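[1] Here you go, sequence then predicted model.
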Amino acid sequence: MDIAVIGSNMVDLITYIDRMPKLGETIEAPSFKIGCGGKGANQAVAAAKLGSDVMMLTKIGDDLFADNTLKNFHLNGINTDYVTVAKGISSGVAPIFVDKSSQNSILIIKGANSHLSTKDIDDAENELKKCKLIILQLEVPLSVVYYSIDFAVKNNIPVILNPAPADPKLDINYVCKCDFFMPNETELEILTGLPVSNIDEILIAANSLISKGLKNLVVTLGEKGAIWLDGNVIHHIVPHKVNAIDTSGAGDAFIGCFAHYLVKTHDILASLNMASAFSAYSVTGQGTQISYPDKKEFECFLGKL
Ligand code: RIB
C-alpha cells in the first residue's frame, strides 16, 4: 500500500447560492448537488485517482448514506478493509454553501467520524505498517490523530497532518512530530492567533510555527498558490489561473495529489507544483471529489498549462 488516510468521510450537501439568507428570511437558491466528501475521503480519492494504492481508515454511519460512501470508495479503487460502521450512528454530513464567486462556507456534522477510535488503529496495525505515508486531518477525535502520529513515528512512516478544520487545542508537540504540516491561511490564523491578511503577515505566522520546531510547513493560499517553509528556505508555489466555479475540496485535492507525487518521486517541490495544478483543475468543476481529474485528465490539463 502506498498511502493510508486515517480520517473522515462525509456526505456533501452543496447548495449554490446567490447570497446567504438573513436571520428569519427564506430565499430561493439556484441549485443543489449531493456528493461524497469529507476531508479524509477527498484526499484519499485524489491520490487514488492519480494511481496511488490507497487504504482508508474511517467510520461510516449506520444509515442510507453509508452504502453509497462504501460504493464510492470501491469505484475509486480504495481499499476499504478498515472502513467500519458506527452502529446506530448517522453518517457525517456537510452542508456546503458556494457563492457566485466560487467561494465556499462549510458546516460539518461529524456523526460516525466522531466514533473512530484508537482501537481502529490497532486493528489495522499490520496493514498500516506496510504504508509509505499516512495522511491525517482533524475531522476525527484528536486522541486518534495523536495515536496515529505516535504509531507512524514508531514505525518510521512519514506523516502529513492537515489541521482542518482548525482546532486551537491541537498540541504543537504532536504537530512537530509530523513530516508535513499543511494548513490553509484561515487555519494558520486560528492556530497561531496571528493575522494573515497579506503575504508578510502569513510569513510571520508561518515562521512562528517553524520556530517551534516544525519540519515542513506548507500553507495553501487558494488562488494565490502556496508557500513551503522547511526551516531554511521559503518556496513560493505558483498558482494557475483558471475559471473557478466551485472551490470546495480544493485544499484536499492539493494534499491528495501532493501525497501521490511525494510517494512516487520523493521530490517535495515538484510534488507541490503538481498539487497546485491539480487543485486548480478541481475548482473548474462543481463538487468536491467529483471535480478531481483522473491521471489521464490531469496529464491532458498539464499539457495545456
Ligand atoms: O474540504 C472540503 C470538505 O470539508 C467537504 O467535502 C466537506 O465534507 C468537509 O469535510
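    Perfect, thanks for sending it.
[2] Which residues of this structure lie near the ligand?
    10, 12, 37-39, 42, 94, 106, 108, 139, 248-249, 251-252, 288 (CB under 6 Å from any ligand atom). Every C-beta, even on glycine, is put in place using the N, C-alpha and C of the backbone.
[3] Can you tell me which of these is nearest Tyr146?
    Among these, Glu139 lies closest to Tyr146 (CB to CB), at 14.8 Å.
[4] so is Val218 in a helix, a strand, or just coil?
    Following DSSP: H, G, I helix; E, B strand; the rest coil, we place Val218 in the strand state.
[5] for it, what are its contacts?
    Going by CB atoms under 8 Å, 6 or more residues apart in numbering, Val218 touches 180-182, 226-229, 237, 258, 272.
[6] Apply 10 Å and report the result again.
    Shown in contact with Val218 (CB atoms under 10 Å, 6 or more residues apart in numbering): 160, 162, 180-184, 206, 226-230, 235, 237, 254-255, 258, 268, 272, 275.
[7] Okay, helices next: where are they in the stretch 151-300 of the chain?
    Assigned by DSSP state H, counting those that start in this stretch, the helices in the stretch 151-300 of the chain fall at 172-175, 185-192, 199-210, 250-265, 268-282, 295-304.
[8] With distance to Pro30 and mean pLDDT added, can I get the ones you listed in a markdown table?
    Converted to a markdown table, the helices of the stretch 151-300 of the chain look like this (distance: least, CB to CB, whole Å; pLDDT from 0 to 100):
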| stretch | distance to Pro30 | mean pLDDT |
| --- | --- | --- |
| helix 172-175 | 40 | 95 |
| helix 185-192 | 26 | 95 |
| helix 199-210 | 34 | 95 |
| helix 250-265 | 21 | 98 |
| helix 268-282 | 21 | 97 |
| helix 295-304 | 27 | 96 |
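[9] looking at those helices, which is closest to Lys87?
    helix 250-265 (27.6 Å).
[10] so the closest one versus helix 268-282, what angle?
    If you take axes from the mean of the first three to the mean of the last three CA atoms, to 10 degrees, helix 250-265 sits at 140 degrees to helix 268-282.
[11] For this structure, give me the ranges with low pLDDT.
    Along the chain, the model assigns pLDDT under 70 to no residue.
[12] Can you name the residue of it nearest the ligand?
    At 2.5 Å from the ligand, Gly37 is the closest residue in the chain, using CB to the nearest ligand atom.
[13] beta partners for that residue?
    Counting by DSSP bridges, Gly37 is bridged to Met10.
[14] Count the residues that sit near it.
    For Gly37, the count of nearby residues is 31 (other CB atoms under 10 Å).
[15] isn't it right up against Ala44?
    No - using CB atoms under 10 Å, Gly37 makes no contact with Ala44, being 11.3 Å away.
[16] Please enumerate the shared neighbours of the two.
    Common neighbours of Gly37 and Ala44 (CB under 10 Å, 6+ apart) are 9, 252, 289.
[17] And for the last one, nearest residue in space, chain neighbours not counted?
    Distance criterion CB to CB, 6 or more residues apart in numbering; nearest residue to Gln289, sequence neighbours excluded, is Val45 at 4.5 Å.
[18] and if you look at Phe65?
    Closest to Phe65 by CB to CB, 6+ apart is Ser91, at 4.0 Å.
[19] ok, the one you found - contacts?
    Per CB under 10 Å, 6+ apart, neighbours of Ser91: 9-11, 38, 59-66, 68-69, 85, 109-113.
[20] Once you drop chain neighbours, what's closest to the residue nearest the centre of the chain?
    Central residue of the chain (CA atoms, centre = their mean): Asp252, 3.3 Å from the mean position. Sequence neighbours aside, Asn42 is the residue nearest to Asp252 in space, at 3.4 Å (criterion: CB to CB, 6+ apart).
[21] helix/strand/coil for the residue nearest to Phe65?
    coil.
[22] For Gly222, see how far away it is.
    Per CB to CB, to the nearest Å, Ser91 is found 28 Å from Gly222.
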